[in-house]
Each structure stands twice: as structure tokens, then as C-alpha cells.
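Trainee: Structure for the following, please:
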Amino acid sequence: MKQILKTLALGASVSLIATLAHAQGGSLGKAVGGFSFEDAAKEAPTTKDFHSKDGKLTFAIVTHTAGNGFFDPTYVGAQVAADAFGINLIKLGSEAPVDDIPREIEILNQVINDPTIDGLIMTTPQSGAYDDIVKKAFANGIPVATTNSFDPKIANRSQISHTGQLSSAAGIGGEALAKCIIDSGAKGGSIIFPSTTTLGNEEVNRRVTAAFEAAVKVLNDAGRLADFKIDAGPENIGIDVNKDDITNSVVSLIESRGDVVGAFAANGFVTPALGDAVAQLKLNGKVCAFGFDLGPKQQEQIRTGALTGSLGQQPFLQGFWPVAQLYLQIDRGVSAANLDTSAQLVTKDTVDLVGKRFEN
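Mentor: So this is what the prediction gives:
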């Protein structure tokens, strides 16, 4: 009798599972509008002939510095998306290890006149410098997406998607810097914000300001602001250091103050120089040194204590999403969908968890 009941129960279970499976299959097979999801997911027959009409989509991605490795994960992310959507991707950028906006603009002016280009992705670190590029691209029927650095006033901003970390996210680094200094037991000293202000990268300038203001707030809330000399330059966009001799310039800055207990650098060029300066002065673990971006060198400096920590802006996404966005704009009519890649504070405790798959 027990065996019969077991058999009946098993049969009922199988029947129920089959019923649920059938119900689930029916509910997912067709949309409320009557069309099938399989048909709706297919690429439009006109997509591959967009603009250039050569039977394939070709996107170009151009950055303002391809020479220091920061944008390597960005190019990787862009390639992953391009491969996923069957897009031919042209990867371009200034060869310099430091911001080279004139070179980037030179490349962009060539790209927008290329009849094979169907979509353009570019970084925009200098506000107002890219308006003519955008206007020409739009006139030529080429959709544009910006990534990494944000120009809020760029021509046709409301029609252009942006992927990147908000400059205000640098405040996370400023908070960490101030807390580190308080926790270190320092009674006083200088806190400095070295930067390459003369290069005109407004995104980096805004990062310095955000980090400076966040550090000031933490120190003030703790009743410790008066104990420290906190210096982010006359306009709070950074103390200018020599881009042509960056590490020695940061070393000289630290030595000239004589009492530095903390420092913050705001991009992938000055941050490694800060770490090198700390190591050269044998201050590993003795000062709170935070930076921006997570290239291989920054990660190694975090491991050695030359940097206390650094902020990652997930540059893989800064390549992947603009390619996906332009494809969606062409194939689906979806445009100007921005993505904030957020901030990720990485310290010695977490550094081995990043960079495994070119995401940072």
C-alpha cells in the first residue's frame, strides 16, 4: 500500500512539474502584444547597412591618452561588446602617457570624415573642445557616445549618452584620506593634493575639488581641521606638478613641506607618481597616500604600502557600455542612456580581488 501511495505521489509530482513547465513555456513564448520574444530579439534587417551601407557596423573609440595603460580595460570592454554585437571596432588614441587633448582632437577630425564609420565613442576631458567634432558627426549622420571624462556643456548633450564615474565620487577618496590620517594618530601636518592643473582636464580638476571638500568635512566633523594644513592649490583644483618630470616633482613637493601626513592624486598619471615618490622617500605606510584609477602599477604600490589605497572607476564598463549604447541606438532607437560606473575604493585588503579580467 505504501509503495502504491509513493507511486501515486511521484506521478502527481511529475504531472505538476510538467504542468508548471508547460505553463511557464506558454507565458514566456509570447508577449502581451502578441509577438514572440524570439522574433522581437532579432536584429533589424537594416542595422548592418546603417550610414556606411557596407553590410557591417564600424565604431571608432578614441581616448586622450592611450600611453599609460589606464584605458587598456576600456578598449577590452569595447572589444567584448563589439564582438557580442558583431561590430568592427577601431581602437584609437593619443600615444602619450599623459593627457594629450590636441592629439585626440586631431585623430577625431580624421575619424569623422571616414565614410566607413557608423558610430563614434570619445573621451571629453576639456570642456568646449569637442563641440565642432560633435556637430560634424551629427551632420554626417554618425551617432556619438562619450565616456570617462564628462563635459556637461558639450553640443547636443541631451542626445549623447555618457558612461563614466561622476567626479564627485572622488569624495570617497577624500573621506578615506582624512579618516586614515585621524586613525594614524597624527597630531598635525600637511595634507596635499598634487595634480597637473595646467593640462586643462576639467574632470580631474573637479575630482580634486571633491576629494578636498570631503577631506575637509571629515576633519571638521572630527574637530581636527585646525590641526592640519590642507592644500589643494589656490583654486582647490590641485597643486600643480611638472608633467615632464612628474615623480621628482612630487618628491620635491613633499620635501618642501617637510611635514606631509597625507596626499591625494586624482588620475592615472599623477597617482603612480605619488606612489613612486612615497617609495623613493621611504615613507611606505608612514603617510596616508590615496589616488585615482587602478592600473597594474597602482595595484602593486597598494601591495607595497607606497599607496594606502586608490579609487577604481571600472574602465571596462567605460568601453563596454558605449559600444552597446550606440548599437542599441542604431538597432532599437534607444539613445542617451547614461551609466554611472561608480567608485570602488581598493586598499591592501582588497587589491587582490581586482584586475583579474581586465575590469580595472
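Trainee: Now do the strands in the stretch 1-150 of the chain.
Mentor: Taking DSSP state E, counting those that start in this stretch, the strands of the stretch 1-150 of the chain run over residues 57-63, 87-93, 119-123, 144-147.
Trainee: can you redo the ones you listed as TSV with mean pLDDT and distance to residue 277?
Mentor: From N, CA and C alone the C-beta is placed, and that goes for glycine too. Output for these, formatted as TSV (pLDDT from 0 to 100; distance: least, C-beta to C-beta, whole Å):
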stretch	mean pLDDT	distance to residue 277
strand 57-63	98	26
strand 87-93	98	27
strand 119-123	98	27
strand 144-147	97	30
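Trainee: Including mean neighbour count, could these go into a markdown table?
Mentor: Converted to a markdown table, these look like this (neighbours: other C-beta atoms under 10 Å):
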| stretch | mean neighbour count |
| --- | --- |
| strand 57-63 | 25 |
| strand 87-93 | 19 |
| strand 119-123 | 27 |
| strand 144-147 | 26 |
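Trainee: any chance of those strands in CSV, plus distance to residue 130?
Mentor: Output for those, formatted as CSV (distance: least, C-beta to C-beta, whole Å):
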stretch, distance to residue 130
strand 57-63, 10
strand 87-93, 14
strand 119-123, 7
strand 144-147, 8
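Trainee: Nearest to residue 225, out of those?
Mentor: strand 119-123 (35.4 Å; C-beta to C-beta).
Trainee: Strand partners (parallel or antiparallel) of the closest one?
Mentor: Here strand 119-123 is paired, per DSSP bridges, with strand 57-63 (parallel), strand 144-147 (parallel).
Trainee: Which one, of those, ends up nearest to residue 322?
Mentor: Using C-beta to C-beta, the nearest of the strands paired with strand 119-123 to residue 322 is strand 144-147, at 4.0 Å.
Trainee: and the gap between residue 201 and residue 57?
Mentor: As judged by C-beta to C-beta, to the nearest Å, residue 201 and residue 57 stand 31 Å apart.
Trainee: Give me the pLDDT value at residue 176.
Mentor: pLDDT recorded at residue 176 is 98.
Trainee: just residue 31 next, same as before
Mentor: For residue 31, pLDDT reads 86.
Trainee: count of neighbours near it?
Mentor: Neighbourhood size, residue 31 [other C-beta atoms under 10 Å]: 11.
Trainee: and it, what is it in contact with?
Mentor: Applying C-beta atoms under 8 Å, 6 or more residues apart in numbering to residue 31 gives the contacts 37, 40.
Trainee: ok, 10 Å please
Mentor: 37, 39-40 (C-beta atoms under 10 Å, 6 or more residues apart in numbering).
Trainee: Can you add pLDDT, distance to residue 131 and neighbour count and give those residues back as CSV?
Mentor: Shown next, in CSV, are those (pLDDT from 0 to 100; distance: C-beta to C-beta, whole Å; neighbours: other C-beta atoms under 10 Å):
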residue, pLDDT, distance to residue 131, neighbour count
37, 90, 41, 10
39, 91, 41, 9
40, 93, 38, 9
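Trainee: ok, now how distant is residue 77 from residue 48?
Mentor: 22 Å.
Trainee: between those two, who's got more neighbours?
Mentor: residue 77 (27 against 18).
Trainee: Go ahead and confirm that one touches residue 318.
Mentor: Yes - with contact defined as C-beta atoms under 10 Å, residue 77 reaches residue 318; the gap is 6.8 Å.
Trainee: Next, show the common contact partners of the two.
Mentor: 61, 71, 147, 163.
Trainee: Among those, find me the one that's closest to residue 111.
Mentor: Nearest to residue 111, judged by C-beta to C-beta, of these is residue 61 at 9.7 Å.
Trainee: which residues sit in contact with the closest one?
Mentor: 71, 74-75, 77-79, 82, 89-93, 111, 119-123, 145, 147, 318-319, 322-323, 326.
Trainee: Next one: the nearest residue to it once chain neighbours are set aside from residue 192, what distance?
Mentor: Distances taken as C-beta to C-beta, 6 or more residues apart in numbering put residue 121 closest to residue 61, at 4.2 Å, once the chain neighbours are dropped. Going from residue 121 to residue 192 by C-beta to C-beta gives 35 Å.
Trainee: count of neighbours near residue 102?
Mentor: 13.
Trainee: just checking, it touches residue 94?
Mentor: Yes - Residue 102 is within contact range of residue 94, at 8.5 Å (criterion: C-beta under 10 Å).
Trainee: Quick check: neighbours shared by the two?
Mentor: If you check residue 102 and residue 94 against C-beta under 10 Å, 6+ apart, the residues they both contact are residue 64.
Trainee: circling back to that earlier point, I'd like to know which of the contacts of residue 31 are part of helices.
Mentor: Members of the contacts of residue 31 lying in helices (criterion: DSSP state H): 37, 39-40.
Trainee: before we move on, which element is residue 234 in?
Mentor: Under the criterion DSSP states H and E, no helix or strand holds residue 234.
Trainee: Is residue 120 bridged to anything, and to what?
Mentor: Assigned bridge partners for residue 120, using DSSP bridges, are residue 60, residue 144.
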